[in-house]
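Engineer: model this:
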Amino acid sequence: QVHLVESGGGLVQAGGSLRLSCTYRIVSFHRYTMGWFRQAPGKEREFVAAETWTGDKSNYANSVKGRFTISSDKDKNTVYLQMTGLIPEDTAVYYCAFGPFFGAPTQNAADYNYWGQGTQVTVSS
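Structural biologist: Next comes the predicted model:
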């Protein structure tokens, strides 16, 4: 079983920064992938970033590469998404997700089995 709770969303002006947190509780999994996805109104959920449980492999959507960074702190059971250079197009509900370990961080939402409740990020122009 996996329990995920996101926090850190809010309203920020374009060019600003936010850090999202996802605190997780995992039972019976030793190797896994943590991901961040987002869904804007009227749009499908899209991949943002992912990291393997080892923390040494990460993957980013082209739209956020160079602006967003995924990281984790296993002592705190928390995965972070540091977002900088935010633009209005980043406005969405952001979800953290948990899935099996495939060797490389997957961008496919269907590969993730557990999802948090989401946190709203709004970027004003």
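Engineer: element containing the most centrally placed residue in the chain, please.
Structural biologist: Geometric centre of the chain, nearest residue: Trp36, 2.1 Å, by CA atoms, centre = their mean. In the assignment (DSSP states H and E), Trp36 maps to strand 32-39.
Engineer: average pLDDT for that strand, rounded please.
Structural biologist: For strand 32-39, mean pLDDT rounds to 96.
Engineer: excluding chain neighbours, what is closest to Phe68?
Structural biologist: Met83 (5.1 Å; CB to CB, 6 or more residues apart in numbering). To be clear about C-beta, it is placed using only N, CA and C from the backbone, and glycine gets the same treatment.
Engineer: so who does the one you found touch?
Structural biologist: Ser17, Leu18, Arg19, Leu20, Val64, Arg67, Phe68, Asp90, Val121 (CB atoms under 8 Å, 6 or more residues apart in numbering).
Engineer: who does it form a beta bridge with?
Structural biologist: Under DSSP bridges, the beta-bridge partners of Met83 are Leu18, Phe68.
Engineer: now it: how far from Ser71?
Structural biologist: Note on Met83: its distance to Ser71, by CB to CB, to the nearest Å, is 12 Å.
Engineer: and the direction of whichever helix or strand comes after the strand holding Trp36 versus that of strand 32-39, what angle?
Structural biologist: Moving toward the C-terminus from strand 32-39, the next helix or strand (DSSP H and E) is strand 46-52. Angle of strand 46-52 versus strand 32-39, following axes from the mean of the first three to the mean of the last three CA atoms, to 10 degrees, is 160 degrees.
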